[in-house]
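**Q** Below: sequence and its predicted model.
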Amino acid sequence: MTAMLLVLFLACDAMWAGYAWSMPVPYHREAFFGVNVGAGRPDACDKRTLLTYRVALLISFTLIEAVATFLTVRNWSVLNVTSIRLLTYAVLTVVGLTHYVVCARTVKPHKSSDLICLASPLSPRRLSNYTSLALEAFVVGGTLGPLALIACYYGSIPALVPLGLHGEFAGKSFRLVFGGALIALYLQVFVFILKLGMVRATIALRSEHASTLLNLKEESIRTYARMWDMFRAGIALAAILNLRVLVRTEEQAAAVSKIGMAFGLVAGAIAVVTFLRMMTRLSRLFRAVKSKTGQVYVARPTDQGHWHAGGLIYYNPADAALFVETPVRAGYSTSYALNFGNWLAFPIFIYLAALPAVMGWYFGVL
């Protein structure tokens, strides 16, 4: 169990390191540290800035991981490994973003006089067009059903409840009984917010390629919506396994453990294959966008003064949109940022940023 947790945390660290490494120069190379740099950029000065950023990133990440590894080996237990790795991920995130923001401040934007227009589809995007009633029913039932059943039978749950999916038992507590079901509910809302933001986000289009770019991006949004729905269905299936707290004997716990392990292996394999297929499709779509229109991300000249921290933060009270496209790390898809000029962005940001604290509570760290 401890080794599996360590591998999971190391994988998350590796993904964040890869993201941070490529964040200044997105796949489409139409921005540099979140700003529109124009033709002929990055120049020699920009390249020195990028080298400085990546060297600082490499040194700091290596030192942090070395310290974390030393502490992990010295404190080899589920609780200690979880607490150390959660703290490590938080430090890596803060350090990486700090390096990025500091270097982004040295990059001067390029002013463009190109004609840009905001896409205005004949019909606005509706969430109902990117989902199905059967899926929503399964997600809601699979997530809330176990939570309701556990609450109904809480009084009859024995003093010892199964711990994880390994047939082990631990003393009954609110966290052990409701933790898994509440985490599933939290993650469902988390993913739903990301999907909703992507569907409702505004996009800028060049007037001469508006129709082509809009059609290709709509197709990519549908592909990404299916991927989010795959995650939501997986969370709902995992939530059903939280009914393990209702088992009474060690034999039942062992049976549930075997079912859970088999489910995890099958679901994980299916998820990986499906994810890779969707990412391949998204890659083809955005290569088509680049070849047909010449641009993946279109910077609105009027937004230049509203982007801060190298394209990480967008603040424009005059823009009613809650999510907008951002030039930062738009590789296989366009990335999105919250518009902090909209008051709803603050509670949403707090909810999304609370993920490490929520996971820390679930693992018993907090």
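**A** Yes, it's here.
**Q** Nearest spatial neighbour of G34, chain-adjacent residues omitted?
**A** With sequence-adjacent residues excluded and distances taken as Cβ to Cβ, 6 or more residues apart in numbering, G34 is closest to G311, at 2.2 Å. C-beta here means a position set from N, CA and C on the backbone, and glycine is covered the same way.
**Q** tell me which strands and helices the helix ranked longest in the chain is in contact with?
**A** Longest helix in the chain, counting residues (DSSP state H): helix 250-293. On a contact count with 3 or more Cβ pairs under 8 Å, 6 or more residues apart in numbering; DSSP states H and E, helix 250-293 meets strand 160-163, helix 210-240.
**Q** C-alpha coordinates for the shortest one, CSV please?
**A** The C-alpha atoms that make up strand 160-163 are tabulated as CSV, following Å, rounded to 0.1, in the frame of the first residue of the first chain:
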residue,chain,number,x,y,z
LEU,A,160,-14.3,-2.1,13.3
VAL,A,161,-14.6,-1.2,9.6
PRO,A,162,-12.6,-2.4,6.5
LEU,A,163,-9.6,-0.2,5.9
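**Q** mind listing what that strand pairs with, with the direction of each?
**A** strand 168-171 (antiparallel) (DSSP bridges).
**Q** Quick one: mean pLDDT for the partner strand?
**A** Taken as a whole, strand 168-171 has a mean pLDDT of 72.
**Q** How about stretch 190-205?
**A** Here the average pLDDT along stretch 190-205 is 83.
**Q** Give me the distance from it to the chain's centre.
**A** 13 Å (Cα atoms, centre = their mean, to the nearest Å).
**Q** Any idea which of the helices and strands packed on helix 250-293 has the lowest pLDDT on average?
**A** strand 160-163 (a mean of 72).
**Q** Can you give the distance of that one from its chain's centre?
**A** For strand 160-163, the distance to the chain centre is 31 Å (Cα atoms, centre = their mean).
**Q** can you check stretch 56-75 too?
**A** The answer for stretch 56-75 is 24 Å, by Cα atoms, centre = their mean.
**Q** Tell me how many other residues crowd the closest residue to F61 other than its chain neighbours.
**A** Closest residue to F61 apart from its sequence neighbours, by Cβ to Cβ, 6+ apart: A17 at 5.7 Å. Per other Cβ atoms under 10 Å, the neighbour tally for A17 reads 17.
**Q** In terms of helix, strand or coil, where does V25 fall?
**A** Under DSSP: H, G, I helix; E, B strand; the rest coil, the three-state class of V25 is coil.
**Q** Surely it touches L51?
**A** No - taking contacts as Cβ atoms under 8 Å, V25 lies outside contact range of L51: 11.7 Å.
**Q** higher neighbour count, those two?
**A** Counted by other Cβ under 10 Å, V25 and L51 do not tie: V25 has more neighbours, with 18 against 11.
**Q** Would you mind getting the angle between the longest helix of the chain and helix 210-240?
**A** If you take axes from the mean of the first three to the mean of the last three Cα atoms, to 10 degrees, helix 250-293 sits at 170 degrees to helix 210-240.
**Q** And the average pLDDT for helix 250-293 is what?
**A** Per-residue scores along helix 250-293 average to 73.
**Q** any residues touching the helix or strand just after it, and which ones?
**A** Next helix or strand after helix 250-293 toward the C-terminus (DSSP states H and E): strand 307-308. If you take Cβ atoms under 8 Å, 6 or more residues apart in numbering as the criterion, strand 307-308 is touched by G34, V35, I313, Y314, Y315, T326.
**Q** Count the residues that sit near L216.
**A** Neighbour count of L216, defined by other Cβ under 10 Å: 19.
**Q** That should have said D46, apologies.
**A** By other Cβ under 10 Å, neighbour count at D46 equals 19.
**Q** Skipping its backbone neighbours, what lies nearest it in space?
**A** F32 (5.7 Å).
**Q** What ranges does the stretch 1-150 of the chain have for its strands?
**A** 116-118 (DSSP state E, counting those that start in this stretch).
**Q** Show me which pair in the contacts of strand 307-308 is furthest apart.
**A** V35 and Y315 (15.4 Å; Cβ to Cβ).
**Q** ok now do V365, which residues does it touch?
**A** By Cβ under 8 Å, 6+ apart, the contact set of V365 is L79, T82, S83, L86.
**Q** tell me the contacts of the residue nearest to F61?
**A** L57, F61, L92, G96.
**Q** hmm, 10 Å instead?
**A** By Cβ atoms under 10 Å, 6 or more residues apart in numbering, A17 lies in contact with L57, L58, F61, T62, E65, L92, G96.
**Q** would CSV of those with pLDDT and distance to P347 be doable?
**A** Output for the contacts of A17, formatted as CSV (pLDDT from 0 to 100; distance: Cβ to Cβ, whole Å):
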residue, pLDDT, distance to P347
L57, 93, 31
L58, 94, 36
F61, 93, 31
T62, 93, 37
E65, 91, 33
L92, 91, 26
G96, 91, 25
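**Q** now, among those residues, which is nearest to I221?
**A** Lowest distance from I221 to the contacts of A17 (Cβ to Cβ) belongs to G96, with 27.7 Å.
**Q** Who's the closest spatial neighbour of the closest one, skipping the chain neighbours?
**A** A20 (4.0 Å).
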